[in-house]
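Engineer: Okay, predicted coordinates and the sequence, questions at the end:
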Amino acid sequence: MSSAEPSDFRRLDSRPSRELITDPVRVYRMLQSLLERRVLLSAKPEGDENWYTTALLDLNPTAGIMALDELAPRQGHERVRTGTRLRVMGVLGGVPTRFTGEVVDVGVQNDIAFYRVAMPREVEYLQRRAFFRAYVPRSMELRVEMGMEDGLPVTGRLLDLSLGGFGMQLGQDSPLAPLDVVAVRALDLPDGQRISCSAEIRYTQQEYGQKLIRAGARFIDLDKGIERSLLRAIYCLEREQIRKRPPAD
C-alpha cells in the first residue's frame, strides 16, 4: 500500500459533511454491512504512516469483539500486537466510512493471522454531494411519504432535491437510520406531480435547537421517466430561488 491516505478519503477529507455515529445499534449495523458486502478495508497501526489491506471477518456484538483479517503486505502484520490501535477505513455504498479499534488478541487459523479487535464506540460516516441540489422554499409545503419493511409509514417535509436524492425534515420519533432502504410511495414535486421509487437513507441528524430530525436519502435505480420529472422539478425550484433574490444594486 502507498504511504499516502487512500485516494477516496484524501480527495474528500477537505470538504466532507460528516456524521459521527455513536448509537451502538447503528454502529453494529454499519459494521455488519461492511461484513456482508465484503468491503475491502484499508488500515494502519497507530504511529505507522503506511496503509495496509484487510477485511472484516466476523462480528460478536455480545462480546464487543470483531475479527479483522491479517494486514497485507506482510510488513503491516509485523507491526500489529495486542494493544495496537488500528485506524480502519472503507467505502460503504459509495460513502467513505472510518473507525478506530484496539487489538485485543492476535490469532492464527490455517496459517493465516487474524486480529480480535474491540468494536468501535463510534463510526464516522462521510457524505458527499455529486449532484446540483435545489432547495425547497418554506412557502412550498412539499411532502414525502415512505414505507418501511414492517409496513409503517414515515412522512416528512421535503427540504431539497437533486437527481441523486433528497433531503427532508422528519418528526423526532422517526425510526429511519442510515442504510435503511425505503419505498418512496409519494414524493411531491413543485408542479403538482408525485413520483414513487426506492431510496436508501444516507444520514440522519438532529436539527440544532429543535426536536425535529434532518435526513438525506439517495435514489435507487431511477427510470428515465422519473429522472426527467426530477429535472423539471429542479429547474422549477431553481427559477423560484432566482425569482426571490433581491435585485442587484
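Structural biologist: Everything's here; your move.
Engineer: List the buried residues in the helix or strand containing Val27.
Structural biologist: Val27 is part of helix 24-36 when elements are defined by DSSP states H and E. Taking 16 or more other Cβ atoms under 10 Å as the neighbour-count basis, helix 24-36 is seen to contain the buried residues 26-31, 33-35. Any C-beta I mention is one placed from the backbone N, CA and C, and that applies to glycine too.
Engineer: okay, the longest helix seen in the chain in PDB with CA atoms only?
Structural biologist: For the chain, the helix with the greatest residue count under DSSP state H is helix 224-243. Only the C-alpha atoms of helix 224-243 are listed here, as PDB (Å, rounded to 0.1, in the frame of the first residue of the first chain):
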ATOM      1  CA  LYS A 224     -35.600   7.700 -17.300                       C
ATOM      2  CA  GLY A 225     -39.200   9.000 -16.900                       C
ATOM      3  CA  ILE A 226     -38.700   9.800 -13.200                       C
ATOM      4  CA  GLU A 227     -35.300  11.400 -14.000                       C
ATOM      5  CA  ARG A 228     -37.000  13.700 -16.500                       C
ATOM      6  CA  SER A 229     -39.600  14.600 -13.900                       C
ATOM      7  CA  LEU A 230     -36.900  15.400 -11.400                       C
ATOM      8  CA  LEU A 231     -35.000  17.600 -13.800                       C
ATOM      9  CA  ARG A 232     -38.200  19.600 -14.500                       C
ATOM     10  CA  ALA A 233     -38.700  19.900 -10.700                       C
ATOM     11  CA  ILE A 234     -35.100  21.000 -10.100                       C
ATOM     12  CA  TYR A 235     -35.300  23.700 -12.800                       C
ATOM     13  CA  CYS A 236     -38.600  24.900 -11.300                       C
ATOM     14  CA  LEU A 237     -37.100  25.200  -7.800                       C
ATOM     15  CA  GLU A 238     -34.000  27.000  -9.200                       C
ATOM     16  CA  ARG A 239     -36.200  29.500 -11.100                       C
ATOM     17  CA  GLU A 240     -38.100  30.100  -7.900                       C
ATOM     18  CA  GLN A 241     -34.900  30.800  -6.000                       C
ATOM     19  CA  ILE A 242     -33.700  33.200  -8.700                       C
ATOM     20  CA  ARG A 243     -37.100  35.000  -8.700                       C
END
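Engineer: what's next to it, contact-wise?
Structural biologist: For helix 224-243, contacts defined as Cβ atoms under 8 Å, 6 or more residues apart in numbering pick out 132, 134-137, 140, 161-163, 189-191, 193, 195, 197, 222.
Engineer: Please repeat the previous calculation with a cut-off of 10 Å.
Structural biologist: The contact list for helix 224-243 (Cβ atoms under 10 Å, 6 or more residues apart in numbering) reads 131-137, 139-140, 142, 158, 160-164, 166, 187-191, 193-197, 219, 222.
Engineer: Using TSV, please lay out the buried residues of helix 24-36 together with distance to Glu122.
Structural biologist: Listed next are the buried residues of helix 24-36 as TSV, based on distance: Cβ to Cβ, whole Å:
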residue	distance to Glu122
Arg26	10
Val27	7
Tyr28	12
Arg29	14
Met30	10
Leu31	12
Ser33	16
Leu34	15
Leu35	18
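Engineer: contacting residues around Pro190?
Structural biologist: Contact analysis of Pro190 by Cβ under 10 Å, 6+ apart lists 134, 136-137, 140, 142, 158, 161, 232-237, 239-240.
Engineer: excluding its backbone neighbours, what's nearest it?
Structural biologist: Using Cβ to Cβ, 6 or more residues apart in numbering and skipping the chain neighbours, the partner closest in space to Pro190 is Cys236 (4.7 Å).
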